[in-house]
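Engineer: Predicted model and sequence follow; I will ask about them next.
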Amino acid sequence: MTTTFYRDDIIVCSFHTDDDYYTAAGDRLRASLDRVGVPHEIRCIRKPEGADWIDVCRQKIPFLYEMCQKYPDRKVFWIDGDCALEYLPDFVRNFTADIVGFQRGFSNPMTIGYHKRSRFWEPCFWGINTTPLARAYIESAYEAEKQITLRATDDYFFEEAWRLHAPKLSFQVIPSVYVANFSETVAPFFLFGSSGNVAEFKGQASQHGVNDDTPNMAFWARVNRRLRRESRKYFGRDVLPQFPFHGLGGHTKPATVKLPPVWEELKTMVDAGKKGDQTEAEAALSRLKKRKLLSPGQQNAVTAMRSFLHYTTPTAGAGSDLRLAWWERPYPGNYGDWLSPLIFRSLAGGARVLHVSPDGKDKEPHIVGLGSIARFTNASSIVAGAGVSALDADVHPKAKYISLRGPISADVVKNAGGEPSGQFGDPGVLMSRIFPHSRGPTNGRRALVRHYAHRKKYLRVPEGIDDLDITMSDPTAIADFIKKLNTYDSVITSAMHIYITCHSYGIPCALVTFEGVEHKVHGDGTKYIDYARGAGVPELAPVPIGFDLTDRDFDNLTYDYKVSETKKNEVVEAMEMAIASYRALI
């Protein structure tokens with residue numbers, strides 16, 4: 001190994017095997033780097049017994065990870081062992097992006113067509129900056145090489161990490177004219193070598209397909225347009241699934257669409273979680289991990305699968321199963337929607353809670369609980385605490401209405417020919433019964449919790465306000481979230497079930513919406529008044545505010561309301577009646 005130091009902010013690294021071709025190539029590489037005046041670490045390695053070119057290429061990943069660990073304060077450049085540098089341009093040497101390199105095939109921006117390529121980078125020469133995102137990218141490639149069992153070269157694992165991190169990474173593409181023999185007008189600095197191994201091993205190493213886990217975009221654009229039309233027809237709004245295989249409550253036919261292998265595994269995994277088949281769910285997850293790094297969206301699906309498994313795993317002495325309708329998406333779950341299985345399981349003595357899609361198509365007896373989902377009822381539905389979000393909601397008159405969120409929902413049911421019982425109260429008011437907390441000294445701060453439809457909007461949030469995420473489904477995560485919520489002086493929220501949770505505990509709360517995106521939350525505002533009248537608290541409508549919270553006075557928007565214990569008892573009684581009514585039918 002030869003190491004020469006000319007400047008201490010970059011390092012070029014590589015390795016080569018001890019055969020004649022690569023040893024000579026490594027010597028030429030060292031000489032070229034010395035001539036250019038670039039510090040380097042070029043290592044000679046012995047090829048393990050039985051290893052071939054694919055196995056050696058794979059070692060590039062842990063080697064580059066080692067170099068990034070060894071040189072945390074330097075930009076780390078990789079160069080293939082049989083390549084060379086004529087010089088190093090300043091725009092490459094001094095790059096400021098997270099990643100610098102050549103596009104796949106040394107293509108120029110007019111021809112790359114990444115949607116038609118199996119990978120983005122040509123990793124024979126590229127640089128990794130010292131930024132946290134750049135080093136996280138390399139760490140992900142390192143984890144992919146350890147985790148994925150496919151027979152593959154370094155390119156595969158770099159691409160896995162790229163697909164995971166690309167939305168956040170900044171990158172700089174080196175023009176292809178700087179490669180020898182690619183241009184007659186620019187002096188090339190990079191000389192590309194070839195041992196011939198690529199052709200010899202072609203077809204033996206795994207490669208990403210163009211549509212491995214990103215289906216054909218033109219095709220899915222057409223599918224999504226159709227889904228939106230059907231969604232508006234059946235639901236009066238766009239209700240798009242997180243994964244196309246879920247369809248829209250049975251209105252689509254996933255069997256007619258061939259899904260990418262990754263999505264097939266995700267479908268198998270989530271479906272197994274819903275059925276309570278932990279063995280199959282974990283097996284599908286294991287197969288998935290052996291072929292790819294999981295994206296954040298796929299990790300969210302894993303979280304949802306484990307949440308389903310929690311509710312579909314019986315506890316000792318539990319009664320018969322409950323079939324319950326609630327919205328499962330967006331994964332990992334929306335706080336308000338996933339309160340429903342948590343509350344019903346608690347009141348049903350730990351019984352298994354089986355998910356029913358709230359699309360109104362399930363003909364077996366089922367309970368419809370928390371949320372604005374009364375419009376999705378049918379003759380097999382037993383309603384306990386659900387409500388409507390608009391006065392023109394279309395509800396089923398033959399559903400059994402044990403209780404509703406409030407009297408406005410009852411009027412809608414009555415006008416449709418149904419028979420509401422006259423019992424009111426949103427089940428969310430029971431959270432203080434399920435997770436008892438006494439509010440002691442608070443932290444002097446406010447919590448901001450946005451409706452999931454608002455969570456991606458950029459807000460200017462001042463010091464003293466913490467922006468908390470509402471996406472969760474795991475009961476432990478929900479318990480921890482509520483415990484944390486109780487440590488704040490007050491809460492600002494555009495999510496109704498955060499508002500209701502605050503009223504359950506007596507946490508001072510401001511109910512808001514955001515100017516210009518009020519329509520993102522479905523409904524005409526009826527549900528807030530309906531809830532208040534049903535829970536016996538003063539009526540409030542969300543106050544529209546701008547995206548700049550830095551100069552907003554929230555004191556005059558914050559109210560200290562608490563649902564009475566008497567009302568909570570009424571809600572418990574209604575839910576227990578619904579459970580008994582359901583069990584009498586099965």
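Structural biologist: Now that the structure is in, tell me what you want to look at.
Engineer: burial count for the closest residue to residue 506 other than its chain neighbours?
Structural biologist: Leaving out its chain neighbours, the residue that sits closest to residue 506 by CB to CB, 6 or more residues apart in numbering is residue 562, at 3.7 Å. In this view, the C-beta of every residue, glycine as well, is placed from N, C-alpha and C. Each residue near residue 562 was counted by other CB atoms under 10 Å, and the total is 17.
Engineer: what's near enough to touch residue 562?
Structural biologist: 503-506, 537 (CB atoms under 8 Å, 6 or more residues apart in numbering).
Engineer: Give the residue spans of the stretch 51-200 of the chain that score low on pLDDT.
Structural biologist: The stretch 51-200 of the chain contains residues with pLDDT under 70 at 109-112, 114-116, 194-200.
Engineer: Tell me where it has helices.
Structural biologist: With DSSP state H, counting those that start in this stretch applied, the stretch 51-200 of the chain shows helices at 53-58, 60-70, 90-93, 132-147, 154-165, 197-200, listed in chain order.
Engineer: Quickly compare those helices and say which is most buried.
Structural biologist: helix 154-165 (a mean of 24; mean count of other CB atoms under 10 Å).
Engineer: Give me the contact list for that one.
Structural biologist: So helix 154-165 is contacted by 57-61, 118-121, 123, 133, 136-138, 140-141, 144-145, 148, 150, 169, 205-208, 213, 292-295 (CB under 8 Å, 6+ apart).
Engineer: quick one: which of the contacts of residue 562 is nearest residue 332?
Structural biologist: residue 504 (22.7 Å; CB to CB).
Engineer: Pretty sure that closest one sits in a helix.
Structural biologist: Yes - using DSSP: H, G, I helix; E, B strand; the rest coil, the secondary structure at residue 504 is a helix.
Engineer: Just to check, it is in contact with residue 427?
Structural biologist: No - using CB atoms under 8 Å as the test, residue 504 is too far from residue 427 to be in contact (10.2 Å).
Engineer: and the two? which has more neighbours close in?
Structural biologist: Comparing residue 504 with residue 427 by other CB under 10 Å, the one with more neighbours is residue 427, at 28 against 23.
Engineer: Show me the domain layout of the protein.
Structural biologist: 2-200, 430-567 (automatic domain parsing).
Engineer: what residues are up against the closest residue to residue 422 other than its chain neighbours?
Structural biologist: Leaving aside its chain neighbours, residue 422 sits nearest to residue 410 (7.0 Å; criterion: CB to CB, 6+ apart). Listed by CB under 8 Å, 6+ apart, the contact partners of residue 410 are 401, 404, 420, 422, 424.
Engineer: From these, pick the one nearest residue 327.
Structural biologist: The closest of the contacts of residue 410, once distances to residue 327 are taken by CB to CB, is residue 404, at 18.1 Å.
Engineer: which non-adjacent residue is nearest the closest one?
Structural biologist: residue 410 (5.1 Å).
Engineer: Check this protein for its longest helix and report it.
Structural biologist: Longest helix of the chain, by residue count under DSSP state H: helix 565-585.
Engineer: That one packs against which elements?
Structural biologist: strand 322-325, helix 335-347, strand 366-368, strand 381-384, strand 400-403, helix 431-434 (3 or more CB pairs under 8 Å, 6 or more residues apart in numbering; DSSP states H and E).
Engineer: Just checking the distance from stretch 322-340 to the centre of its chain.
Structural biologist: Here stretch 322-340 is found 16 Å from its chain centre; the criterion is CA atoms, centre = their mean, to the nearest Å.
Engineer: typed the wrong thing, it's stretch 374-393
Structural biologist: With CA atoms, centre = their mean, you get 29 Å for stretch 374-393.
Engineer: Kindly report the same for stretch 357-366.
Structural biologist: 27 Å.
Engineer: buried stuff in it?
Structural biologist: 357-360, 362, 365-366 (16 or more other CB atoms under 10 Å).
Engineer: quick one: which of these sit in helices?
Structural biologist: Going by DSSP H, the helices hold none of the buried residues of stretch 357-366.
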